[in-house]
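Visitor: what shape does this take:
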Amino acid sequence: MAERVLVPFEGEGAGVAELSWGQQMIWATMQGKDSSLPMGGARELPPGQTVADAVAGLRFIMSRHQALRTKLRFGPDGQTQQVVHASGAITLEVVDAGERDPGEVAAAVAAGYKARKFDYEREWPLRMAVITRHGTATHVAQMICHIALDAFGLALLYDDFDHRDERTGPLTAMHPMEQATVQRGPSGRRAHEASMRYLERLTPSIPDLQLKESGDPRQPRFWQVTLDSPAGYRAAGTLSARLGLGTSPVLLAAFAVALASVSVSPRVVAHLVVSNRFRRGFAGSVSPVMQTTIGVIETDGPFEEVVRRAWQSGLGAYKHAYYDPAAANEVWKRLVAERGAEPDWSVVFNDRRVLSREAADAVSAADGAPSLRDELTRSTLTWGERNDVSQQKVFLSICEVPDTLCVELWADTHFVTPADMEKLLRRMEAVIVNAAAVRGGR
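Guide: So this is what the prediction gives:
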């Protein structure tokens, strides 16, 4: 049984505000999936840590980041607000692993945290336990509700927890409450209007149909499959160096080519997830600031040319994924009415890498002895969850796994058969490897 330690905290800033744009985006997704979409997991601590160290780390991050001191308020009119508290107390669980493997215990605790929805009005958006063995703190299990942060924010939070003694002075990054204020002002309106003009320009190029009904619907409806490809990792790095671009446009281009192979259109339109971390005050913010906008990619022609198109498309999305979601919905309704039908754009590409992306951009086919094509034998395809939670027709993520290309695909089997799911991932891998191997002769 876990011991519970009450950890008081106190930080700067308090008040009530509407949700920031990033919070609105993720809140809508959370509602659609009926899930808190928690982020986090189990992590090993450096040697010599104590429960007191874990308490100090928890108090530090709760005090430092307003997003962790935020609960939600639901009005009678359906309005959702963020309520930031200046102080409070949070429970830290202390779990003695005994003779069990502490890493496995931490993973089990994290899984338990993940399985339960958060109480948004009454619970802090962070659950944490420290795992001990023979009096030494060995691991932490941390699970954070998605309304508090995104993947980049999670990396920042981990870094603050691990290096709290090096963090001096006030945090200058923009908290969600301040974001909401700025977004209501002139600069927010300008950014929103520019993003809507971008959407209006691209809407006519969205095909009427990308993915037709599969004819082989399954139950449960939505399936998950993951490809792990060391060869794809090295090949993407090689193409990145050759073209002078990052690996993200290489992977986006490969995804577009692969999707076109199982769809009815050579023109691929996808929602691209954009970090928005380049915007003022967002780089160091532990908060959700990611938003999505569409990218259009023509997949005909040589692959390296498709990569350049993907880069250009991503650049446009990068500049215009910052808008008021509620107002954008009204714009979209108008565009659909003018068109006479809703086009097919139920596809998402999400490069979730934060820590591993820079290393991936630097790797090449020369790193290691095996040829790229020979190394394809090391690739593994793993089928995962199946459920009936409403999702996009295709949702592809590049996962945060070092030293390999890890691609996770969720698909609606009413439109993409399991066989075509495997075909899509294998095609994506083959396109990258073949393009990298041609010039290098490997």
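Visitor: mind checking the SS state of residue 265?
Guide: Following DSSP: H, G, I helix; E, B strand; the rest coil, the label given to residue 265 is coil.
Visitor: ok, so what distance separates the nearest residue to it once chain neighbours are set aside from residue 401?
Guide: Excluding its sequence neighbours, the residue lying closest to residue 265 (C-beta to C-beta, 6 or more residues apart in numbering) is residue 207, at 4.3 Å. For every residue, glycine as well, the C-beta is placed using N, CA and C. Distance, residue 207 to residue 401, using C-beta to C-beta, to the nearest Å: 32 Å.
Visitor: repeat for residue 392
Guide: 22 Å.
Visitor: go on, residue 85?
Guide: Distance of residue 85 to residue 401, computed by C-beta to C-beta: 36 Å.
Visitor: what do you get for residue 251?
Guide: 13 Å.
Visitor: ok, residue 92 next?
Guide: 29 Å.
Visitor: can you give me the helices in the stretch 301-442 of the chain?
Guide: 303-320, 325-339, 357-362, 372-375, 418-440 (DSSP state H, counting those that start in this stretch).
Visitor: list the buried ones in the last one?
Guide: Right, the one you point to is helix 418-440. Residues 418, 420-421, 424-433, 435-437 are the ones in helix 418-440 that count as buried (16 or more other C-beta atoms under 10 Å).
Visitor: likewise stretch 176-196?
Guide: 176-180, 182-183, 188, 191-192, 195-196.
Visitor: let's see which of these end up in helices.
Guide: When those are checked against helices (DSSP state H), the matches are 176-180, 182-183, 188, 191-192, 195-196.
Visitor: out of those, which comes closest to residue 239?
Guide: The shortest approach to residue 239 among those belongs to residue 195, at 29.8 Å (C-beta to C-beta).
Visitor: I'd say that closest one and residue 276 touch.
Guide: No - in this structure, residue 195 is not within contact of residue 276 by C-beta atoms under 8 Å, at 11.1 Å.
Visitor: overlap of the contact sets of these two?
Guide: 321-322 (C-beta atoms under 8 Å, 6 or more residues apart in numbering).
Visitor: list the contacts of residue 28.
Guide: Per C-beta under 8 Å, 6+ apart, neighbours of residue 28: residue 325.
Visitor: element containing it, please.
Guide: Using DSSP states H and E, residue 28 sits within helix 21-33.
Visitor: got the CA coordinates for that helix in PDB?
Guide: Taking Å, rounded to 0.1, in the frame of the first residue of the first chain, the C-alpha atoms of helix 21-33 are listed here in PDB:
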ATOM      1  CA  TRP A  21      -6.200  28.600 -28.100                       C
ATOM      2  CA  GLY A  22      -4.000  25.600 -27.400                       C
ATOM      3  CA  GLN A  23      -6.100  24.500 -24.500                       C
ATOM      4  CA  GLN A  24      -9.300  24.800 -26.500                       C
ATOM      5  CA  MET A  25      -7.800  22.600 -29.200                       C
ATOM      6  CA  ILE A  26      -6.800  19.800 -26.900                       C
ATOM      7  CA  TRP A  27     -10.000  20.200 -24.800                       C
ATOM      8  CA  ALA A  28     -12.100  19.500 -27.900                       C
ATOM      9  CA  THR A  29     -10.000  16.400 -28.700                       C
ATOM     10  CA  MET A  30     -10.300  15.200 -25.100                       C
ATOM     11  CA  GLN A  31     -14.100  15.600 -25.200                       C
ATOM     12  CA  GLY A  32     -14.300  13.800 -28.600                       C
ATOM     13  CA  LYS A  33     -12.300  10.900 -27.200                       C
END
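Visitor: out of the helices of the stretch 301-442 of the chain, which is closest to residue 284?
Guide: Per C-beta to C-beta, nearest to residue 284 of the helices of the stretch 301-442 of the chain: helix 357-362, 17.1 Å.
Visitor: just checking the distance from that closest one to the centre of its chain.
Guide: 18 Å (C-alpha atoms, centre = their mean, to the nearest Å).
Visitor: ok, stretch 84-93 next?
Guide: On C-alpha atoms, centre = their mean, the centre of stretch 84-93 falls 26 Å from the chain's centre.
Visitor: mind listing what's buried along that stretch?
Guide: Neighbour count says stretch 84-93 has 84-85, 90, 92-93 buried, by 16+ other C-beta under 10 Å.
Visitor: looking at these, which are in helices?
Guide: The helices, defined by DSSP H, take in nothing from the buried residues of stretch 84-93.
Visitor: that older thread, hmm, the residue nearest to residue 265 is touching residue 347, no?
Guide: No - between residue 207 and residue 347 there is no contact under C-beta under 8 Å: 10.9 Å.
Visitor: overlap of the contact sets of these two?
Guide: Residues touching both residue 207 and residue 347 (C-beta under 8 Å, 6+ apart): residue 269.
Visitor: contacting residues around the residue nearest to residue 265?
Guide: Residue 207 sits next to 265, 267, 269, 343-344 when contact means C-beta under 8 Å, 6+ apart.
Visitor: phi, psi for residue 268 please.
Guide: Note on residue 268: backbone dihedrals following degrees, to the nearest 10 are phi -100, psi 130.
Visitor: correct me, but it touches residue 348?
Guide: No - using C-beta under 8 Å, residue 268 is not in contact with residue 348; the gap is 11.9 Å.
Visitor: the two: which is more packed in?
Guide: Under the neighbour definition other C-beta atoms under 10 Å, residue 268 and residue 348 were set side by side, and residue 268 has more, 28 against 18.
Visitor: show me which pair in the ones in helices among the buried residues of stretch 176-196 is furthest apart.
Guide: Maximum distance among those (C-beta to C-beta): 24.7 Å, for 177 and 196.
Visitor: give me the below-cutoff pLDDT ranges for the stretch 301-442 of the chain.
Guide: 364-370, 439-442 (pLDDT under 70).
Visitor: thinking again about what came up before, of the contacts of residue 207, closest to residue 334?
Guide: Nearest to residue 334 out of those is residue 343 (C-beta to C-beta; 13.9 Å).
Visitor: ok, now which ones touch the residue lying closest to that closest one once chain neighbours are set aside?
Guide: Take residue 343 and drop its neighbours on the chain: the residue closest to it by C-beta to C-beta, 6+ apart is residue 206, 3.9 Å away. Applying C-beta under 8 Å, 6+ apart to residue 206 gives the contacts 269, 294, 296, 343-345.
Visitor: which of the residues you listed tops the neighbour count?
Guide: Going by other C-beta under 10 Å, residue 269 tops the contacts of residue 206 with 24 neighbours.
Visitor: is it possible to get CSV of the buried residues of stretch 176-196 that adds pLDDT and distance to residue 282?
Guide: Formatted as CSV, those follow (pLDDT from 0 to 100; distance: C-beta to C-beta, whole Å):
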residue, pLDDT, distance to residue 282
176, 97, 11
177, 97, 14
178, 97, 11
179, 98, 8
180, 98, 13
182, 97, 10
183, 98, 12
188, 97, 13
191, 97, 12
192, 98, 16
195, 98, 15
196, 97, 20
